[in-house]
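[1] Quick one, structure for this:
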Amino acid sequence: MAGIPQLGDVRSGKLAGNITAFGRALRRAGVRTDAMRIALAAEAATLVGVQDKLDLGAAMEAVMVSREQDRMVFRELFDAWFRDPELANKLLAQMLPSAEGKAEPSRRRPRVREALTAPRNLAKPLEPAKPDRELEFDAAMTASDRERLHNADFNALGAAEYLLVERLARDIRLPIPELPSRRLRVTGDAGRQHARMHWPGVLQEAARTGGEILRLPRLARRLQPLPLLVLVDVSGSMERYARLLLAFLHAATRRAGRRDVFAFGTGLTDLTPAFRLADTDAMLGAASLAIDDFAGGTRLGSSLSELRLAHARRLTGRRTLVLVISDGLDTGEPALLEQELLWLRRHSRRLLWLNPLLRFDGYAPLARGAGVLHRHADAMLAVHNLSALEQFAASLAALMRSGR
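    Sure thing, here's the model as predicted:
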């Protein structure tokens with residue numbers, strides 16, 4: 001049986017197949033598209049007609065795209081997919097004989113390039129899925145490939161690259177600084193800081209050895225990791241960063257002590273129950289179900305107000321390390337944000353702002369919300385790629401020792 005081409009001229013009766021294949025390409029590009037949306041797109045194409053490409057694209061976009069960040073991906077992929085095949089073949093025939101030197105690099109988005117270069121031959125039988133094999137480095141991946149992924153911005157990755165980088169981010173460990181607690185424990189380490197002689201223990205040891213003192217037990221404070229409070233921005237501009245950074249923090253702080261995690265967008269969502277799950281993928285699934293304002297707006301001030309009113313006990317005195325993961329593009333009132341950040345800073349040990357916009361060399365916090373957050377944060381750090389995450393993990397201890 002001959003292979004069934006997914007691409008073809010709509011005038012030859014292949015519109016339904018083209019729309020179905022286009023929907024699959026959208027899924028490969030990371031756009032949330034299911035069978036119902038594809039069926040609606042086919043119905044919209046029937047109602048609007050194919051005479052005007054702009055009308056057809058607008059009608060299909062209205063039923064197939066539900067997130068603002070996917071619209072440009074849809075439009076690029078639509079223009080590349082629904083083109084005149086005869087014109088494309090003529091241009092290709094003219095270019096092939098005279099092509100010399102290196103081809104000009106594609107200016108399409110990585111998600112669009114990946115969707116267009118995926119295999120499209122439906123005549124071959126489907127092979128068993130091998131999800132884990134694609135997510136591992138092997139000898140075929142060159143050093144330049146590894147270096148590129150290590151320094152690639154999370155927002156510029158293709159779908160498969162994004163999954164791979166997410167797995168790699170889980171291997172980065174975040175050493176939470178430890179401080180002496182109020183509780184004491186017996187130790188034999190004479191060089192331990194703030195250790196003092198445990199005289200009852202000395203007498204008990206001497207009684208066991210007939211009055212001979214062979215060991216001098218001491219009392220020292222137990223070391224405890226600092227309590228951790230994480231606030232993650234899940235607005236539309238932070239969508240690609242939020243998921244990956246949640247996976248990173250879940251794996252990196254697995255052995256930490258107390259950790260409370262909240263997502264904020266137009267409201268505040270408690271993700272602490274999800275973070276108690278041992279498996280990172282299960283945590284991401286539970287967090288996705290819990291967040292109902294994902295890819296929306298950002299109101300950090302009102303979210304911090306809700307944190308103060310409903311969850312103030314999550315802050316353990318002035319010992320808590322607070323991580324605010326956001327691009328600072330707040331749409332709320334700056335006065336409210338100022339007031340709530342003053343309260344948060346008074347009740348925490350350090351307030352660190354993890355900002356993915358630091359990927360731009362000339363970035364400055366000029367937005368109103370970003371300016372307020374910059375004034376009250378103890379440090380602003382980049383978290384836009386694997387290299388930045390490793391630098392953050394390596395410098396955390398030094399940031400905690402530095403004064404305000």
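[2] make it CA atoms for all contacts and neighbour counts henceforth
    Fine.
[3] Ala247: helix or strand, and which one exactly?
    Counting by DSSP states H and E, the element that carries Ala247 is helix 239-252.
[4] helices or strands up against that helix?
    Here helix 239-252 touches helix 159-169, strand 228-233, helix 280-290, going by 3 or more CA pairs under 8 Å, 6 or more residues apart in numbering; DSSP states H and E.
[5] buried stuff in the first one?
    Buried positions in helix 159-169, judged by neighbour count with 16 or more other CA atoms under 10 Å: 159-162, 164-169.
[6] Give me the angle between the very next helix or strand once past the helix holding Ala247 and helix 280-290.
    Next along the chain after helix 239-252, taking DSSP H and E as the criterion, comes strand 259-264. Here strand 259-264 runs at an angle of 40 degrees relative to helix 280-290 (axes from the mean of the first three to the mean of the last three CA atoms, to 10 degrees).
[7] Show me what secondary structure element comes after strand 259-264.
    Per DSSP H and E, strand 259-264 leads on to strand 268-270 as the next helix or strand towards the C-terminus.
[8] Name every strand pairing with that next one and say which way it goes.
    Note on strand 268-270: by DSSP bridges, its sheet partners are strand 259-264 (antiparallel).
[9] Tell me which residues are up against the partner strand.
    For strand 259-264, contacts defined as CA atoms under 8 Å, 6 or more residues apart in numbering pick out 227-235, 268-272, 275, 291, 298-300, 303, 314.
[10] now the angle from that strand to strand 228-233?
    Relative orientation of strand 259-264 with respect to strand 228-233: 20 degrees, computed using the same axes, to 10 degrees.
[11] Please identify the buried residues of strand 259-264?
    Buried residues in strand 259-264, counting neighbours by 16+ other CA under 10 Å, are found at 259-264.
[12] pLDDT (mean, whole number) over the helix holding Ala247?
    Helix 239-252 carries an average pLDDT of 92.
[13] give me phi/psi at Arg350?
    For Arg350, the backbone dihedrals (degrees, to the nearest 10) come out as phi -140, psi 150.
[14] That one pairs with what?
    Leu321.
[15] Please name whichever of the helices and strands packed on helix 239-252 is nearest to Met380.
    strand 228-233 (14.4 Å; CA to CA).
[16] Adjacent strands (with direction) for that closest one?
    Assessed with DSSP bridges, strand 228-233 is paired to strand 259-264 (parallel), strand 321-325 (parallel).
[17] Show me the one of those strands that comes nearest Leu309.
    Closest to Leu309 of the strands paired with strand 228-233, according to CA to CA: strand 259-264, at 14.2 Å.
[18] and that closest one, how far from the chain's centre?
    Centroid separation for strand 259-264 versus its chain: 14 Å, with CA atoms, centre = their mean, to the nearest Å.
[19] again with stretch 43-55
    Centroid displacement of stretch 43-55 relative to its chain, using CA atoms, centre = their mean, is 37 Å.
[20] again with stretch 318-331
    Between the centre of stretch 318-331 and the centre of its chain there are 15 Å (CA atoms, centre = their mean).
[21] Check which residues of that stretch are buried.
    Within stretch 318-331, the residues that count as buried by 16+ other CA under 10 Å are 319-331.
[22] re earlier: redo the buried residues of helix 159-169 as JSON lines? Include distance to Arg208 and pLDDT.
    Below are the buried residues of helix 159-169 laid out as JSON lines (distance: CA to CA, whole Å; pLDDT from 0 to 100):
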{"residue": "Ala159", "distance to Arg208": "67", "pLDDT": "82"}
{"residue": "Ala160", "distance to Arg208": "66", "pLDDT": "83"}
{"residue": "Glu161", "distance to Arg208": "64", "pLDDT": "87"}
{"residue": "Tyr162", "distance to Arg208": "63", "pLDDT": "89"}
{"residue": "Leu164", "distance to Arg208": "60", "pLDDT": "89"}
{"residue": "Val165", "distance to Arg208": "58", "pLDDT": "92"}
{"residue": "Glu166", "distance to Arg208": "57", "pLDDT": "91"}
{"residue": "Arg167", "distance to Arg208": "55", "pLDDT": "89"}
{"residue": "Leu168", "distance to Arg208": "54", "pLDDT": "91"}
{"residue": "Ala169", "distance to Arg208": "53", "pLDDT": "92"}
